[in-house]
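> pasted the sequence and its predicted model underneath.
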2 protein chains.
Amino acid sequence: MTRDEARALDAADPLAALKERFVLPPGVLYLDGNSLGAMPAAAPAASARAVAEEWGTGLVRSWNDAGWIDAPSRLGDRVATLIGAAPGEVVVADTTSVNLHKLLAAAVTAGERRVILTEPGNFPTDLYVAQGVAATIPGVSVRTAPRDAVPAAIDEDVAVVMLTHVHYQSAATFDLRAVTAAAQAEGALMLWDLSHSTGAVPVDLNAAGADLAVGCGYKYLNGGPGAPAFLFVAARHQARLRSPLSGWMGHAAPFDFVDDYAPAAGIRRWLAGTPPVLGMAALAAGLATFDGVNLAALFAKGRALSTLFVAEVTARCPQVRLASPADPAQRGSHVSFAHPDAYPVMAALIDRGVIGDFRAPDLLRFGFTPLYLGFEDVWRAADVLADVLASGVWDDPRYRRRAAVT
Amino acid sequence: MTRDEARALDAADPLAALKERFVLPPGVLYLDGNSLGAMPAAAPAASARAVAEEWGTGLVRSWNDAGWIDAPSRLGDRVATLIGAAPGEVVVADTTSVNLHKLLAAAVTAGERRVILTEPGNFPTDLYVAQGVAATIPGVSVRTAPRDAVPAAIDEDVAVVMLTHVHYQSAATFDLRAVTAAAQAEGALMLWDLSHSTGAVPVDLNAAGADLAVGCGYKYLNGGPGAPAFLFVAARHQARLRSPLSGWMGHAAPFDFVDDYAPAAGIRRWLAGTPPVLGMAALAAGLATFDGVNLAALFAKGRALSTLFVAEVTARCPQVRLASPADPAQRGSHVSFAHPDAYPVMAALIDRGVIGDFRAPDLLRFGFTPLYLGFEDVWRAADVLADVLASGVWDDPRYRRRAAVT
């Protein structure tokens, strides 16, 4: 494809105007919305309102007057519309890691089964949290099976199968419906990590019959750095499962200040401590970037963007190897390419305004956020990558110096 | 005391100018900084910078360039100076509830002991979290003893004694050093909840030989609604105790993305998920309100403020009964008064710009933040309370209508 052809695709794109919902710094091609989503144009005012008006002027009265107390459910219901969940099945709270712990600990203590089944190479925090549950609750263990062998590894000892829908490195996807059915056929619960899916690819939890899910607020939801995460519990399980993190905000009557814990009736039992109001204000602005958007068209555009990038890079960059499924139907909205010197290559790219990220040991990872990226952006990013690789400009000590966060 | 005498105390107060570090709405006497601290004048700009510059312009690069990755330790070290801890002993993370769970679960799985000892009427989330640990880890139980009987109730089954230094209702304090020593004499760990202490009263954890502590960021630290909390682990315990919430940010090498959890060497092993960057930016502004402040003088002023309030209310309001220790040395920086109709009385007070809070079933609670309150403020608040009580204006249906958050 030529740059003019890419530009023509943008001119014909009914979603192109959505990029006005964001502010991106000049000279930057941002292909890392899968790590930290770009800032919505409405975020500064939303944050300023939460700080100066709600906190500064409203003070403690804002728990009622500004609706702080309902924000976890209100934002949860908004997230629900992006993942095929019903109102009252999603709540915004804590972090993905903490929410994973809640659901895993609940799953392994709800019945007699004590095994958490997952895949090696899952996102590290998923594995670490599962290992933490196993180290804390006697009898619990973590079993792993390569992704293709997961269904066959589900047996009568497995309490919960925990998988990430879109793999954080390769972007390879699981079939939500088939794997959920396989878990349930053996009497296990299915827990999906939707961190790299939500807002980027179609997800229909209830159509898949999913039991449990978690996801991240700061990637494709554009909720800001360290945004609160979310948690899904299918309505049919809500009365039965209990959070191990039984804090006051999940109590049936938190302001009665009684001594004995009694879980709230619905999804709010999964709250623990006081909600992060300022983080939720920014997350609300991020979620609002999806308002009125045709999700099917949006996700189709995301796939077209990544497909264009893969085609250009494959044609023009013999130095790298595609480390994601070649079939766009088998992957999420990011792609990875392997290069033995991926770290300095990415540093040189970032220096030229193309922001992707490095993932150890040898991956260049690029995310495609259809809300704010166009076809010409993607064409130019591939062009810069081709130039950096062909010129060898990345082979420089300043690009090899490792930062704390890679 | 007359209003003029109170005004004279303000004129002679070397700390009076500190109130310029805050913005308070006109017409409000804010006696609820023990629930949600007032907004620092620097908070709007600090939040705006974190949103528009660090997130909007810096994007994912800000993890390194804006120091996001080090913020939990950096802010933790700042909190440490307010509670007598050493650098590297405190980290800012998650919520008070989640941090309590981490430390309690670690304490009851570190050895053979399985009992959590606390007092009935402790802050509810402390009790609920302990009950959640007991419901999740087989063999763990929660034992309670009335506060005076706690030392005698510590025996060889007790893994950890969990108490709140300043009681959330009465403000009654425990003797940090004596109770810590009593716990340790029986081989138990001592866990202090400092939520109603930090930034308000003297706390010297290391002088007391404390083992573990947690505390809140949004009360006297002025960190904003739902601010991240903090957690203390004495240096001598850091290698031995492990967080049950073993997320990636607590890993020894989080960006190596290996499959097996290995805890970070120091206090950072208590991190779980991605830190709440926007919440931490506001908390940093809150912590900065203590910069250069003589803490002994500040805490003495706080005590003088609450003492003035108690004297005035006791003298002028026969309708209420002091529900806090009469001896200022035995209480923290808030006081409670009992009234059978405390809810409508507080609603009428708030309607007149005196913001305290109601605590079920019958308490009017008032907090005294010496950073932004003066003696005349306190005198006027007592004057309004006397007027509301004497006039009976509170006895009105509109003041009896309960809000979601009380």
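Yep, that arrived. Numbers count the residues shown, from 1 in each chain, chains lettered A, B, ... in the order given.
> quick one, phi/psi of the residue of the stretch 201-350 of chain A found nearest chain B?
Proximity of the stretch 201-350 of chain A to chain B (C-beta to the nearest C-beta) peaks at A:G273, 2.6 Å away. (Each C-beta comes from the backbone N, C-alpha and C, glycine too.) Dihedral pair for A:G273: phi -90, psi -170, per degrees, to the nearest 10.
> from B:G132, how far out is the closest residue to it other than its chain neighbours?
What sits nearest to A:G273 in space, not counting adjacent residues and going by C-beta to C-beta, 6 or more residues apart in numbering or on different chains, is B:T95, at 2.6 Å. Plainly put, B:T95 is 13 Å away from B:G132 if you go by C-beta to C-beta, to the nearest Å.
> mind telling me what element A:F358 is part of?
Per DSSP states H and E: A:F358 is located in strand A:357-359.
> any weak-confidence spans in chain A?
Judged against pLDDT under 70, chain A has no low-scoring part.
> quick check: neighbours shared by B:T95 and B:G132?
Shared contacts of B:T95 and B:G132 (C-beta atoms under 8 Å, 6 or more residues apart in numbering or on different chains): A:G247.
> how's chain A carved up into domains?
As assigned by automatic domain parsing, chain A contains the domains A:3-41+A:294-400, A:45-288.
> now those domains as CSV including mean neighbour count?
Formatted as CSV, those follow (neighbours: other C-beta atoms under 10 Å in any protein chain shown):
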stretch, mean neighbour count
domain A:3-41+A:294-400, 19
domain A:45-288, 22
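> nearest to B:A281, of those?
domain A:45-288 (8.3 Å; C-beta to C-beta).
> and the closest one, how far out from the chain middle?
Distance of domain A:45-288 from the chain centroid (C-alpha atoms, centre = their mean, to the nearest Å) equals 11 Å.
> got the end-to-end distance for that domain?
End-to-end distance for domain A:45-288: 13 Å, by C-alpha to C-alpha, to the nearest Å.
> ok so, going back, the residue nearest to A:G273: what's it in contact with?
Contact partners of B:T95, counting by C-beta under 8 Å, 6+ apart, are A:94, A:247, A:272-274, A:276, B:226, B:228-229.
> mind doing that once more with 7 Å?
A:272-274, B:229 (C-beta atoms under 7 Å, 6 or more residues apart in numbering or on different chains).
> from A:V60, how far off is it?
Applying C-beta to C-beta, the value for B:T95 to A:V60 is 17 Å.
> kindly report the same for A:S47.
In terms of C-beta to C-beta, A:S47 sits 19 Å off from A:V60.
> filter the contacts of B:T95 down to the ones in helices?
Among these, none falls in helices (DSSP state H).
> any chance of TSV for these, columns distance to B:A80?
Shown next, in TSV, are those (distance: C-beta to C-beta, whole Å):
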residue	distance to B:A80
A:A272	24
A:G273	21
A:T274	22
B:A229	14
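> need the distance between the two termini of stretch A:331-344.
This stretch, stretch A:331-344, spans 26 Å end to end (C-alpha to C-alpha).
> ok, and what's touching it?
Residues outside stretch A:331-344 that contact it (C-beta under 7 Å, 6+ apart) are A:34, A:166, A:169-173, A:196-197, A:200-201, A:302, A:306, A:309-310, A:313, A:319-325, A:345, A:358-359, A:362-368, A:394-396, A:399-400, A:406.
> dig out what the closest residue to A:P325 other than its chain neighbours forms beta bridges with.
Closest residue to A:P325 apart from its sequence neighbours, by C-beta to C-beta, 6+ apart: A:R331 at 4.5 Å. Beta-bridge pairing of A:R331 under DSSP bridges involves A:A172.
> who's in contact with the nearest residue to A:A153 once chain neighbours are set aside?
Spatially, and ignoring its direct neighbours in sequence, A:A153 is nearest to A:A145 (3.7 Å; C-beta to C-beta, 6+ apart). If you count contacts by C-beta under 7 Å, 6+ apart, A:A145 has them with A:117, A:119, A:153.
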